[in-house]
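Asks: pasting the structure only:
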């Protein structure tokens, strides 16, 4: 109607939420020789893919900026943190009575937490390319569970492992892939810490998918880790891979899943997070099989 009354082109973008599409509609007036409006040309274009690329570029720019800022903060925090840790060690060595002091223990614990956060910030901001080599995923998972065994036992978490025999290798950086497994299993354990009403069960499984699927077109291995915690709010699920976003009510850095997601992407893989039917969350990692 504005095109008819104003005799000027109009442009509007419509969000089709039902089908998840974005439509760009442009209307142009048709004016006769004597200046009368005799019609309208309406052009509709599906610009969903363009909008998706645009959002990804914006997100990449934000992530790059965040990486530069966090790297600077991490280095600034790291120096005084090392001084605090060194002084605590000096005091406890000089005075043995302080070794079991609660305040000293609290300082050690909190400096350790900050050190871990600084490490995560540096890992997030650092663009280290993977060093690819054949990786046995089953072996890597067993090593990771062994490293976390003490924390899992302390949290009364039972592991149910179902690793596929004769699992093919993948091309990847073993240390980076292990970091992903470490992060996902640790996340699952933490998600069940408030679950006192029922048994805490963490399920780890691997499988091979030789046929392409709708979500992943290459032959690949599948690694899943499931917990029976309280799950993630549905409105938070689309944001779980965003840097510094956390759905953990107890707080968190919001970097663990962002780092894991980036590592899996560098390996040309796919990481997805979804709620289970009854309770808890399942994280799924898909990594392409070795080419050789």
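Replies: That came through, no problem. For clarity, every value in this text was computed on a predicted model and none was experimentally measured.
Asks: And the strands in the protein, which stretches?
Replies: Along the chain, the stretches classed as strands by DSSP state E are 10-16, 21-31, 37-46, 133-135, 157-162, 170-172, 200-209, 220-226, 270-275, 281-288.
Asks: can you put these in CSV and add mean neighbour count and mean pLDDT?
Replies: Where C-beta positions appear, they are placed from N, C-alpha and C, glycine not excepted. Shown next, in CSV, are the strands of the chain (neighbours: other Cβ atoms under 10 Å; pLDDT from 0 to 100):
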stretch, mean neighbour count, mean pLDDT
strand 10-16, 11, 87
strand 21-31, 15, 90
strand 37-46, 12, 90
strand 133-135, 15, 89
strand 157-162, 13, 89
strand 170-172, 23, 89
strand 200-209, 18, 90
strand 220-226, 22, 91
strand 270-275, 17, 89
strand 281-288, 22, 90
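Asks: With distance to residue 192 added, can I get those in a markdown table?
Replies: Shown next, in a markdown table, are these (distance: least, Cβ to Cβ, whole Å):
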| stretch | distance to residue 192 |
| --- | --- |
| strand 10-16 | 38 |
| strand 21-31 | 39 |
| strand 37-46 | 43 |
| strand 133-135 | 28 |
| strand 157-162 | 6 |
| strand 170-172 | 28 |
| strand 200-209 | 4 |
| strand 220-226 | 11 |
| strand 270-275 | 14 |
| strand 281-288 | 10 |
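Asks: For residue 102, which of these is the nearest?
Replies: Closest approach to residue 102 among those (Cβ to Cβ): strand 157-162, 27.2 Å.
Asks: where do the helices sit along the stretch 51-200 of the chain?
Replies: Taking DSSP state H, counting those that start in this stretch as the test, the helices found in the stretch 51-200 of the chain are 102-125, 137-154, 174-191.
Asks: Point out the most buried one among those.
Replies: Across the helices of the stretch 51-200 of the chain, averaging neighbours per residue (mean count of other Cβ atoms under 10 Å) puts helix 174-191 on top, at a mean of 21.
Asks: quick one: it to strand 220-226, angle?
Replies: Interaxial angle of helix 174-191 relative to strand 220-226 (axes from the mean of the first three to the mean of the last three Cα atoms, to 10 degrees): 30 degrees.
Asks: Could you list every helix and strand in contact with helix 174-191?
Replies: Here helix 174-191 touches strand 133-135, helix 137-154, strand 200-209, strand 220-226, helix 256-266, strand 281-288, going by 3 or more Cβ pairs under 8 Å, 6 or more residues apart in numbering; DSSP states H and E.
Asks: Name the strands paired with the shortest one and say parallel or antiparallel.
Replies: Okay, so that is strand 133-135. Using DSSP bridges, the strands paired with strand 133-135 are strand 170-172 (antiparallel).
Asks: next one: the strand it pairs with to chain centre, how far?
Replies: Centre-to-centre, strand 170-172 and its host chain are 20 Å apart (Cα atoms, centre = their mean, to the nearest Å).
Asks: Mind listing residues that contact that strand?
Replies: Outside strand 170-172, the residues that touch it by Cβ atoms under 8 Å, 6 or more residues apart in numbering are 130, 132-135, 137, 177, 220-221, 267, 287-291.
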